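>>> Give me a 3D structure for the following:
(one chain, ligands or ions: 1)
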Amino acid sequence: MKKRRILIIEDEERIAFWVRSFFVKAGYEAEAIGDGQAGLNAIMDSPPDLVILDRMLPGLDGIAVLQKLRKFSTVPVILLTALGAEEQRVEGLRAGADDYLVKPFSPEELLARSEAVLRRVYDGGHKEITIGAIHLNLETRSCAVRKQPVELSRTQFDLLATMMQQPDRVFRRNELLEAAFDRDFDGYDRAVDVQMRRLRERLEVNPADPLLIVTVHGVGYRFQGEQA
Ligand code: CA
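Reported below is the predicted structural model:
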């Protein structure tokens, strides 16, 4: 099988080297570039399968690179952001990132996120997802909670599948509306909240104290990835 190609755009040489070595060790072809414009040129010349893009770059910063990139390419992008403001991460997603990771991160987490994005983009995603006590089968569109089958509406299933395909990622309400409601649905953010409440009633041990579907105030929701 042809090796997947990863392009890392990061000006901090230590991090770029470390990320690149990790991908190579994991069986990928990986290249690191320290400059946004040079990164864009490289993507144009020879499109990689995945781009790891640092948010903080001298000259053209990560968001500007992403905006320019999206004018000519749909290559998946994972944005590396500094610890801090949630708006920064939301800004990245809005600019077209497929996922983001907050520094400092572990190489294992970056690899896991990268594999999830690559699977989603190139293999049409997993057919089955299990996280903690929740099991989803995307082909049969069935759900089991603590091994018991649970009935979900189409919208509820789509909401849950969207979040479970990227555990721990924060989804904005309008992203969830787009992912799970009919296109012509004249929706309000409130509709997402109502469906989330119903999902919690079906999934959570204690819906009043949700541990799986977590509210991120002022932004939206995320599905808790690692569970005790
Ligand atoms: Ca940097």
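>>> Please parse this protein into its domains.
The chain is divided into the following domains under automatic domain parsing: 5-122, 128-223.
>>> Kindly check the end-to-end length of the longest one for me.
Between the opening and closing residues of domain 5-122 lies a distance of 13 Å (C-alpha to C-alpha, to the nearest Å).
>>> ok, back up a step: now for the domains of the chain, which one comes closest to the ion?
domain 5-122 (4.1 Å; C-beta to the ion). Any C-beta I mention is one placed from the backbone N, CA and C, and that applies to glycine too.
>>> Quick one: mean pLDDT over the closest one.
Per-residue pLDDT values across domain 5-122 average out to 91.
>>> Okay, and the beta partners of the spatially most distant residue from the centre of the chain?
In terms of distance from the mean C-alpha position of the chain, Gln148 ranks first, at 27.9 Å (C-alpha atoms, centre = their mean). When assigned by DSSP bridges, Gln148 has beta-bridge partners Val145.
>>> Could you tell me the end-to-end distance of stretch 93-100?
Stretch 93-100 end-to-end distance (C-alpha to C-alpha) = 8 Å.
>>> correction: stretch 205-214
14 Å.
>>> who touches the residue nearest to the spatial centre of the chain in this structure?
By C-alpha atoms, centre = their mean, the chain has its centre lying nearest to Asp99, at 3.4 Å. Listed by C-beta atoms under 8 Å, 6 or more residues apart in numbering, the contact partners of Asp99 are Ile78, Leu79, Arg113, Ala116, Val117, Gln166, Arg169.
>>> who's the residue nearest to it when sequence neighbours are not counted bridged to?
Distances taken as C-beta to C-beta, 6 or more residues apart in numbering put Ile78 closest to Asp99, at 4.9 Å, once the chain neighbours are dropped. In this entry, Ile78 is beta-bridged to Ile52, Asp99, by DSSP bridges.
>>> Which parts of the protein are strands?
Taking DSSP state E as the test, the strands found in the chain are 5-9, 29-33, 50-54, 77-81, 99-102, 128-131, 134-137, 142-145, 148-150, 171-172, 213-216, 220-223.
>>> is the ion contacted by the third one?
Yes. Applying C-beta under 5 Å from the ion, one finds strand 50-54 in contact with the ion at Asp54.
>>> can you list contacts of that strand?
By C-beta under 8 Å, 6+ apart, strand 50-54 touches 4-12, 15, 19, 39, 43, 62, 65-66, 69, 75-80, 97, 110, 114, 117-118.
>>> Near the ion, which residues of this structure are found?
Asp11, Glu12, Asp54, Met56.
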